[in-house]
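Visitor: the sequence isn't on hand, but the structure is:
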């Protein structure tokens, strides 16, 4: 189960996102880093290996090129 930040959202860091358009639909492959409980908001523990952190890849879609759906 993914950990959440103090505001109840997943701790995500978008490393890169690029777009291309095909027949009026924008496609955006994106590289997303999901942090565990030792992530950005809690400070870092440099002594322990973090096995909960995950690097995911998504393909987001959009009709306007601004608001992307990564589900």
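Guide: That came through, no problem. Predicted, not measured: the structure shown is a model, and the values here were computed from it.

Visitor: could you say which helix or strand contains residue 55?
Guide: In the assignment (DSSP states H and E), residue 55 maps to strand 54-62.

Visitor: just checking, what packs against that strand?
Guide: Strand 54-62 is packed against strand 25-34, with contacts defined by 3 or more C-beta pairs under 8 Å, 6 or more residues apart in numbering; DSSP states H and E. (Each C-beta comes from the backbone N, C-alpha and C, glycine too.)

Visitor: specify the angle between the strand it packs on and strand 54-62 in degrees.
Guide: Computed with axes from the mean of the first three to the mean of the last three C-alpha atoms, to 10 degrees, the direction of strand 25-34 lies at 160 degrees from that of strand 54-62.

Visitor: what about the residue lying closest to residue 35 once chain neighbours are set aside, distance to residue 28?
Guide: Distance criterion C-beta to C-beta, 6 or more residues apart in numbering; nearest residue to residue 35, sequence neighbours excluded, is residue 11 at 4.1 Å. Residue 11 is 21 Å from residue 28, where distance means C-beta to C-beta, to the nearest Å.

Visitor: likewise residue 71?
Guide: 13 Å.

Visitor: likewise for residue 17?
Guide: 5 Å.

Visitor: quick one: which of those two has more around it?
Guide: residue 28 (18 against 14; other C-beta atoms under 10 Å).

Visitor: any idea what the more buried one is bridged to?
Guide: residue 60 (DSSP bridges).

Visitor: does it touch residue 21 like I think?
Guide: No. Using C-beta atoms under 8 Å, residue 28 makes no contact with residue 21, being 9.9 Å away.

Visitor: gap between residue 12 and residue 30?
Guide: 10 Å.

Visitor: tell me the secondary structure at residue 66.
Guide: State at residue 66, reduced to three classes by DSSP: H, G, I helix; E, B strand; the rest coil: coil.
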